[in-house]
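Peer 1: Pasting the sequence and the predicted model now:
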Amino acid sequence: MSGFTRSFRSYLTAATLSVAAAAASVTAPAFAGERDSFKIAWSIYVGWMPWGYGETEGIVDKWADKYDIKIDVVQINDYIESINLYTAGSYDGVTVTNMDALTIPAAGGVDSTALIMGDFSNGNDGVVLKGTDNLEEIEGKSVHLVELSVSHYLLARALDSVGLSERDVKVVNTSDADIVAAFTSSDVEAVVTWNPQLGELKKQDAANVVFDSSEIPGEIMDLLVVNTETLEDNPRLGKALTGAWYEIMSSMRGESEAAVEARTAMAESAGTDLAGYEAQLDSTSMFYDPANALSFLESDTPAETMESVRQFAFKHGLLGERADSPDFVGIQFADGSVLGSESNVKFRFNADYTRMARDGEL
């Protein structure tokens with residue numbers, strides 16, 4: 001079960017994306033108007049386990065009751081399926097990375113808002129070479145990874161850091177479930193993967209992590225995204241979800257008996273033990289405090305990161321068949337500035353509710 005932790009953080013095929021976009025166009029009216037019942041989808045990953053805990057412990061219900069609404073937080077076993085369901089209109093929000101939020105719902109025409117900036121990977125993803133600790137020696141090698149995933153993006157960033165490009169390696173699409181076994185083969189010298197697989201590889205004597213996500217801090221973000229129209233029509237939803245999130249963050253932080261029990265429950269739900277879960281937390285920069293999340297949202301990092309992400313996405317055809325440039329999808333940031341098309345803004349970073357949490361206004 002622990003291998004499930006990040007097993008599905010890869011992209012929809014173009015065909016599936018087209019289906020999801022078509023479904024979204026059919027179901028989009030369901031988002032409109034003031035409502036009192038909502039559904040949020042989440043999948044297993046270290047930074048998203050708090051949502052499952054908050055649902056089980058009644059924290060989400062407590063905040064929903066405060067605003068006279070109902071929120072169902074539903075675990076979906078397949079990460080990509082959870083995004084697909086959200087894009088098609090079956091859910092009002094979903095846990096997702098910044099890249100997937102851009103390339104699936106946003107590129108598919110669903111206007112989406114990053115409501116919660118939960119964390120960013122700070123070592124959870126890594127490039128591993130066999131028998132050398134020199135990243136430059138990756139040149140000419142076959143690199144096994146989940147193609148068009150965060151691993152593929154990390155590889156591109158790693159190569160760029162030493163003056164190389166994807167033309168200098170051969171990408172071999174490999175299931176994350178097969179990555180560890182593949183690395184034991186004599187003919188596999190390079191892989192890119194995430195935890196817990198990365199942790200397993202680190203145990204091998206010949207394995208050397210030559211680049212990891214701590215070297216591109218803030219670029220692999222883990223978010224809670226909600227449908228923009230739904231949020232605009234129902235600010236109570238934004239307040240309840242944000243309030244619940246920071247109460248959960250408070251409950252799991254520190255070394256009190258209650259905090260340890262909370263993390264232990266999250267670990268068990270993730271299919272690991274407390275030590276395993278805390279090891280994953282150590283390589284995840286969690287925003288436990290709304291003030292820290294707000295500082296990140298209002299910094300230059302989101303815009304700088306999304307410039308890199310959108311270039312990668314366009315290069316690999318992830319913005320859809322109609323995209324004739326990286327500007328096809330507009331991305332709006334906390335200060336109101338827009339990267340890309342101002343007439344087609346489909347992905348937004350919202351700081352309003354985080355600011356309310358910081359100021360005690362929820």
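Peer 2: That came through, no problem.
Peer 1: The residue lying closest to residue 238 once chain neighbours are set aside: what secondary structure?
Peer 2: Among residues not flanking residue 238 along the chain, residue 353 sits closest, at 4.6 Å (C-beta to C-beta, 6 or more residues apart in numbering). C-beta: built from backbone N, CA, C; applies to glycine. For residue 353, the assignment made with DSSP: H, G, I helix; E, B strand; the rest coil gives helix.
Peer 1: what's the neighbour count on residue 353?
Peer 2: Using other C-beta atoms under 10 Å, residue 353 has 25 neighbouring residues.
Peer 1: List the contacts of it.
Peer 2: Residues in contact with residue 353 (C-beta atoms under 8 Å, 6 or more residues apart in numbering) are 115, 238, 239, 241, 242, 362.
Peer 1: Surely the second one touches residue 226?
Peer 2: Spelled out, that is residue 238. Yes. In this structure, residue 238 is within contact of residue 226 by C-beta atoms under 8 Å, at 7.3 Å.
Peer 1: where do the contact lists of the two overlap?
Peer 2: Common contacts of residue 238 and residue 226 (C-beta under 8 Å, 6+ apart): residue 115.
Peer 1: Between those two, point out the one with more neighbours.
Peer 2: Between residue 238 and residue 226, residue 226 has the larger neighbour count (other C-beta under 10 Å), namely 27 against 24.
Peer 1: so where does residue 191 fall, helix or strand?
Peer 2: Residue 191 belongs to strand 190-194 when assigned by DSSP states H and E.
Peer 1: who's in contact with the helix or strand following that strand?
Peer 2: Using DSSP H and E, the helix or strand that directly follows strand 190-194 along the chain is helix 197-202. Contact with helix 197-202 is made by 3, 124-126, 128, 176, 179-180, 183, 191, 193, 207, 209, 212, 279-280, as judged by C-beta under 8 Å, 6+ apart.
Peer 1: Could you do stretch 130-144 as well?
Peer 2: Outside stretch 130-144, the residues that touch it by C-beta under 8 Å, 6+ apart are 127, 129, 155, 158-159, 161-162, 164, 168-172, 174, 179, 182-183, 188-192, 206-208, 210-211.
Peer 1: Out of the residues you listed, which sit inside helices?
Peer 2: 155, 158, 159, 161, 179, 182, 183 (DSSP state H).
Peer 1: Distance of the third one relative to residue 134?
Peer 2: Residue 159 sits at a distance of 13 Å from residue 134 (criterion: C-beta to C-beta, to the nearest Å).
Peer 1: Which one of those two is surrounded by more residues?
Peer 2: Neighbour count, other C-beta under 10 Å: between residue 159 and residue 134, residue 159 has more, with 22 against 10.
Peer 1: Hmm, residue 167 and the more buried one touching each other?
Peer 2: No. The pair residue 159 and residue 167 fails to qualify as a contact (C-beta under 8 Å) at a distance of 9.2 Å.
Peer 1: Buried subset of the contacts of stretch 130-144, written for PyMOL?
Peer 2: Buried residues within the contacts of stretch 130-144, by 16 or more other C-beta atoms under 10 Å, are selected in PyMOL with:
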select buried, resi 127+129+155+158+159+164+169+171+174+179+182+183+188+189+190+191+192+207+208+210+211
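Peer 1: Residue 226 sits in which helix or strand?
Peer 2: strand 221-227.
Peer 1: Show residues contacting that strand.
Peer 2: The contact list for strand 221-227, computed with C-beta under 8 Å, 6+ apart, reads 31, 40, 45, 47-48, 51, 86, 92-98, 101, 105, 110-121, 237-238, 241, 245, 284, 302, 305.
Peer 1: Select from the residues you listed every entry located in helices.
Peer 2: Residues of the contacts of strand 221-227 located in helices (DSSP H): 51, 86, 98, 101, 237, 238, 241, 245, 302, 305.
Peer 1: pLDDT weak spots in this protein?
Peer 2: Within the chain, the segments meeting pLDDT under 70 span 1-32.
Peer 1: quick one, strands of it?
Peer 2: Counting by DSSP state E, the chain has strands at residues 37-42, 70-75, 93-97, 112-121, 125-130, 142-145, 170-173, 190-194, 207-212, 221-227, 284-286, 330-332, 338-339, 345-349.
Peer 1: Could you tell me the angle between the first one and strand 70-75?
Peer 2: In terms of direction (axes from the mean of the first three to the mean of the last three C-alpha atoms, to 10 degrees), strand 37-42 departs from strand 70-75 by 20 degrees.
Peer 1: go on, the last one?
Peer 2: Inter-element angle recorded for strand 345-349 and strand 70-75: 90 degrees (by the same axes, to 10 degrees).
Peer 1: Can you list the strands that strand 345-349 pairs with?
Peer 2: strand 112-121 (parallel), strand 330-332 (parallel) (DSSP bridges).
Peer 1: what about that strand, distance to the chain center?
Peer 2: Distance of strand 345-349 from the chain centroid (C-alpha atoms, centre = their mean, to the nearest Å) equals 15 Å.
Peer 1: How about the contacts made by the residue nearest to residue 212 when sequence neighbours are not counted?
Peer 2: With sequence-adjacent residues excluded and distances taken as C-beta to C-beta, 6+ apart, residue 212 is closest to residue 126, at 3.8 Å. By C-beta under 8 Å, 6+ apart, the residues touching residue 126 are 154, 192, 193, 194, 198, 209, 211, 212, 213.
Peer 1: Who are the contact partners of the residue nearest the centre of the chain?
Peer 2: With distances taken as C-alpha atoms, centre = their mean, residue 97 lies nearest the centre of the chain, 2.0 Å away. For residue 97, the contact set (C-beta under 8 Å, 6+ apart) comprises 9, 150, 220, 221, 222, 223.
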